[in-house]
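> A structural model of the following input is requested.
(one chain, ligands or ions: 1)
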Amino acid sequence: GGSASASTIKQVKLERESELRIEVGNETPLKLRLLNGSAEIFGSELAPEMWLTFPPRLKFAVFTWYGATIEMNGATETDYTADETPMVSYVNVHAVLEGRRNRAKALSPNDSEASQGPRVIVVGPTDSGKSTLSRMLLSWAAKQGWKPTFVDLDIGQGSITVPGCIAATPIELPIDPVEGIPLEMPLVYFYGHTTPSNNVDLYKTLVNELAQMLETQFARNAESRAAGMVINTMGWIEGTGYELLLHAIDTFKANVVLVLGQEKLFSMLKAVAKSKPNVDVVKLQKSGGVVSRNAKYRQKSRGYRIREYFYGLANDLSPHSNIANFSDLLVYRIGGGPQAPRSALPIGADPIANPLRVTPVNIDRDLLHMVLAVSYAKEPDQILSSNVAGFIYITDIDIQRKKITYLAPSAGELPSKYLIMGTLTWLET
Ligand code: ADP
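As a prediction, the model looks like this:
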């Protein structure tokens, strides 16, 4: 019960190679600092004595390699110490990747094949610790001066931007334990739904676009090529989900596949890799600290992500409410759309709408509470292949006056009038 009681200060002594697992209470933030020794949160080292403030509901662990004393101030849902963790195996993977980065760097940048650092893809069921492991590998690499690229293909619980997107961003510093992935210049593609089954073709198309774009960037940047990438994936590993994993492995030319907590997936991928001599498939233990989140929790945390995009983690951003004429904004949707009933089609015609068709959307009340992406496209036929600048949230539609009110991260004109609509909605609370 995380109700704000009188402040509770508590010290915890951690032995070497153990961790303090914490779920912050539902209502109030938790303050925490390193009193002595050394410790890290998901690969990012804590500065001595500096208080950090963790928002309600956050789940994390403070791990120490050599021993530490931690001080906490505030209410937690749970906090306990664990001395059995898979961290040694995780850091061993990091050491192997580090070796490959150094080898790639030492080789001539003209040999684009040999000077390519590791491309790691992390796979496993939901709540196996994929995002967390990705984060550790990135932070450990950044600590040693690399700038690896983080690719997030998880449209349900992505950590780069709002849900419904796939995205990539270079990681130049260990990831901040509170703020998470820096949002400076991410490369974002808007899929618009939180499950891939809504439009598998679109998902694949965007994965192709993102991979191609990164390939272009790597071609002219030896530093980021040698640092390589860490790719986080969705927890959907059965049927079409499995197919999408194979598609991602191929498309990003992954050469290290880390499988978390699932024997079956591991052996399936191992079998596939037999025909791919330069792909290593490695099985890793899931951490006992990973917290399972049910569908309702996931749904809620999607809402928090959207809120965070507009208002900031600590309500430190001030989004702008803007009013536009219907005629100022051009809204498009990809695929789906109203399908002609079978009876209206010629005999033998395929009633499935083209999943990649880009069609204009009439502005009406249906847009209310939708989150739309602002495309970088200059023409409608570029929408499918363009990344997005950011997002707006529709707060009012006035049919009579033909005015649309929306929330945007800042005031002023949108970078483009082309907006993409999916099924992503949000109820501001
Ligand atoms: P996945 O990406 O496989 O769905 P995550 O890495 O997001 O799983 O982990 C699920 C949740 O568990 C997250 O909230 C994460 O912060 C938390 N978590 C992961 N590892 C630990 C740990 N060792 N101790 C406490 N919480 C953890």
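> quick one, what contacts K270?
Residues counted as contacts of K270 (C-beta atoms under 8 Å, 6 or more residues apart in numbering) are V281. C-beta here means a position set from N, CA and C on the backbone, and glycine is covered the same way.
> Look up phi and psi at it.
For K270, the backbone dihedrals are phi -60, psi -40 (criterion: degrees, to the nearest 10).
> try F150
With angles defined as degrees, to the nearest 10, F150 shows backbone torsions of phi -100, psi 130.
> who touches it in this structure?
Shown in contact with F150 (C-beta under 8 Å, 6+ apart): 134, 138, 160, 168-171, 181, 229-230, 232.
> Quick check: bridge partners of it?
With DSSP bridges applied, F150 shows beta-bridge pairing to T169, V230.
> go on, D176?
So, taking DSSP bridges as the rule, D176 has G180 as bridge partners.
> Pull the most distant pair out of the contacts of F150.
The most widely separated members of these, counting by C-beta to C-beta, are P170 and N232 (14.8 Å).
> Alongside the ligand, which residues does this structure contribute?
By C-beta under 6 Å from any ligand atom, the residues of the chain that approach the ligand are 19, 21, 59-61, 124, 126-132, 235, 287, 289-291.
> Out of these, list just those in helices.
In helices, defined here by DSSP state H, the members of the residues of the chain next to the ligand are 130-132.
> Please indicate which of these has the highest neighbour count?
K130 (27 neighbours; other C-beta atoms under 10 Å).
> In strands, which of the residues of the chain next to the ligand appear?
Among these, the members found in strands (DSSP state E) are 19, 21, 59-61.
> most residues in a single strand of the protein, which one?
Of all the segments assigned as strand in the chain under DSSP E, the longest by residue count is strand 388-398.
> following that strand, which helix or strand comes up?
Using DSSP states H and E, the helix or strand that follows strand 388-398 towards the C-terminus is strand 403-408.
> Show me what the worst-scoring helix or strand of the chain on mean pLDDT is in contact with.
Among the helical and strand segments of the chain, the one scoring lowest on mean pLDDT, DSSP states H and E is helix 295-311, with a mean of 91. Identification of contacts with helix 295-311 by C-beta under 8 Å, 6+ apart yields 57, 156-158, 161-163, 194, 293, 317-319, 371, 391, 393, 407, 409, 424, 426-429.
> coming back round to it: now the two most distant members of the ones in strands among the residues of the chain next to the ligand.
In those, the most distant members under the criterion C-beta to C-beta are E19 and K59, with 12.4 Å between them.
> more crowded one of those two?
Remark: of E19 and K59, E19 carries more neighbours, 25 against 16, as counted by other C-beta under 10 Å.
> you'd agree the more buried one is up against V62?
Yes - counting by C-beta atoms under 8 Å, a contact exists between E19 and V62, whose distance comes to 6.2 Å.
> Of all the residues in the stretch 201-350 of the chain, which one is nearest the ligand?
The shortest separation between the stretch 201-350 of the chain and the ligand is 2.5 Å, found at G289 (distances taken as C-beta to the nearest ligand atom).
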